[in-house]
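K.L.:
Sequence plus predicted model, see below.
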Amino acid sequence: MNPRIVLLSAFLLFAAAAPAQQRRNAFDDPFLQATSAIPGCPAPRPPGFTEEEVRKEEHVRAQHGTSCYYSGRCRLPNSYLYNKEIVPRVRQSIQRDGRFANTSVWVLGERRIVTLMGCVKTPEQAAEMERTVLLVDDVMGVVNFLMVGTQGQPRYPLAGR
């Protein structure tokens, strides 16, 4: 048998047997569940990065975080410093607003941008939640990955995957 084929076969077997890289929330991105009224709503995967992704992301985050400050759009020296305060206030805003009690929603904060993931009852409810979150102090933008009901494919990565 050709030695190259044997070597390639051994490499492929090793690669297939190697464990998947662990994901960790290396940047401590805040991630909270705001509501939990819809059973069976697909839970999003918590924020996490492989070691390779961390190395790539570090430079991007340093550049994006400080550019906000240098351009005068942020009062803090890095836009990521806002997230730990923003996400709990977003959750509080959603929970105190009676229009969203019948939803299941998770909130992720990154660079003053809030990502909403989970399930709502109607498209109008999703749009209202997005508008409400955009009014929370220091929120620069909202990414709306909310889905109506529990059927269909979510636009966010799922927990356990």
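P.N.:
Perfect, thanks for sending it.
K.L.:
Low-confidence ranges, the chain, go.
P.N.:
1-20 (pLDDT under 70).
K.L.:
which residues of it fall in strands?
P.N.:
31-36, 104-110, 113-120, 141-148 (DSSP state E).
K.L.:
between the ones you listed, which one is nearest to Ile94?
P.N.:
strand 31-36 (4.4 Å; C-beta to C-beta). (Each C-beta comes from the backbone N, C-alpha and C, glycine too.)
K.L.:
what's the angle between that closest one and strand 113-120?
P.N.:
30 degrees (axes from the mean of the first three to the mean of the last three C-alpha atoms, to 10 degrees).
K.L.:
And the contacts of strand 31-36?
P.N.:
Here strand 31-36 makes contact (C-beta atoms under 8 Å, 6 or more residues apart in numbering) with 25, 46-47, 87-88, 90-91, 94-95, 100-101, 103-109, 118.
K.L.:
which residues touch the residue nearest in space to the middle of the chain?
P.N.:
Geometric centre of the chain, nearest residue: Leu108, 4.6 Å, by C-alpha atoms, centre = their mean. The neighbourhood of Leu108, defined by C-beta under 8 Å, 6+ apart, consists of Asp29, Pro30, Phe31, Pro44, Pro47, Val87, Val114, Thr115, Met117.
K.L.:
isn't the fifth one right next to Val54, touching?
P.N.:
No: taking C-beta atoms under 8 Å as the contact criterion, Pro47 and Val54 are not neighbours in contact, 11.6 Å apart.
K.L.:
Looking at these two, which one has more neighbours?
P.N.:
Pro47 (19 against 15; other C-beta atoms under 10 Å).
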